[in-house]
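Participant: my questions are about this predicted structure, shown below with the sequence.
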Amino acid sequence: MKQRQDAWTEEDDLLLAETVLRHVREGSTQLNAFEEVGDKLNRTSAACGFRWNAVVRRRYEQALQLAKRQRKERQRLLGKQQAVRKKRLYNPPVPSLEEIGEIVQLPAVVPSANETSPMTLDHVITFLQTFKTVHRDHESLVKENERLRKENEEIRAKNNELEKKIAKLEENSSTIQEDYETLVRIINRARKLVLQEEEERQALKFRMDQNGNLEKIAE
């Protein structure tokens, strides 16, 4: 008799979800899935069903709806196959998923290049999932490439702007240097004139004449 009181782990929940989705997708029932999980986890199918409906299902609702659509599509394809058999129509060979993968340049979903197997619904689902993943990755790469291209253009524009500013600063620096040298020359010239006038002033002597006027005399 199955008796287990320990708590459900993340691995248990994942096993339960994967098993239920697989049974639904393949046209089986959730009860069969609960029994399978119960055998693996040593729990009752009722406990598995309660865990699925109370906790796990809400996390996989979208996946469950997808599995139901896949089951419906599977049943529709099986119905068509049965109708074809009844009418004894000619059934041309179906290309393998490897051949389809080569046409659209996607990785083949069959196990080996040497194996040839008829295309089943699971193969179609796997192929579409692979195509979706590759397409999504391609779009991500395109967006990332566009972002990097714009970022590179912005960096180039900023670099050009900085180069112009540097050239302007170098030009201003050269002008300032020339003005400074001119100013130094003017100051030196003025200093020389002042010194010269001071020397001339010191070289002159004055005396008073009989009329009380000063007259300049040379030393």
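Facilitator: Everything's here; your move. Numbering: from 1, shown residues only.

Participant: in the chain, which helix or strand is least confident?
Facilitator: helix 97-103 (a mean of 51; mean pLDDT, DSSP states H and E).

Participant: moving C-terminal of it, what's the next helix or strand?
Facilitator: helix 121-203 (DSSP states H and E).

Participant: pLDDT on that next one, on average?
Facilitator: Confidence for helix 121-203, expressed as mean pLDDT, is 79.

Participant: any idea how the chain splits into domains?
Facilitator: Residue ranges for each domain of the chain read 1-91, 136-219, as given by automatic domain parsing.

Participant: closest one to Thr120 among these?
Facilitator: Each of these has some distance to Thr120 by C-beta to C-beta; the shortest is domain 1-91, at 8.8 Å. To be clear about C-beta, it is placed using only N, CA and C from the backbone, and glycine gets the same treatment.

Participant: what separates the closest one from the chain centre, distance-wise?
Facilitator: With C-alpha atoms, centre = their mean, to the nearest Å as the basis, domain 1-91 stands 35 Å off its chain's centre.

Participant: on that earlier part again, let's have the domains of the chain in TSV, adding mean neighbour count and distance to Ile125.
Facilitator: Rendered in TSV, the data for these read as follows (neighbours: other C-beta atoms under 10 Å; distance: least, C-beta to C-beta, whole Å):
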stretch	mean neighbour count	distance to Ile125
domain 1-91	14	6
domain 136-219	10	16
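
Participant: indicate which one of these is closest to Leu128.
Facilitator: Nearest to Leu128, of the domains of the chain and by C-beta to C-beta, is domain 1-91 at 10.0 Å.

Participant: what mean pLDDT would you report for the closest one?
Facilitator: The predicted model assigns domain 1-91 a mean pLDDT of 88.

Participant: I'd like the numbering to begin with 33 instead of 1 from here.
Facilitator: Taking 33 as the first residue, the last one we looked at is domain 33-123.

Participant: OK, contacts around the residue nearest to Leu109 when sequence neighbours are not counted?
Facilitator: Leaving out its chain neighbours, the residue that sits closest to Leu109 by C-beta to C-beta, 6 or more residues apart in numbering is Leu153, at 6.0 Å. Counting by C-beta atoms under 8 Å, 6 or more residues apart in numbering, Leu153 makes contact with 102, 105-106, 109.

Participant: between those residues, which is nearest Ser172?
Facilitator: Each of the contacts of Leu153 was scored against Ser172 by C-beta to C-beta, and Gln102 proved nearest at 25.8 Å.

Participant: quickly find the element holding that closest one.
Facilitator: Secondary structure here is read from DSSP H and E; on that basis Gln102 sits in helix 93-119.

Participant: now Asp71: how far from Arg221?
Facilitator: Look at Asp71 and Arg221: by C-beta to C-beta, to the nearest Å, they are 110 Å apart.
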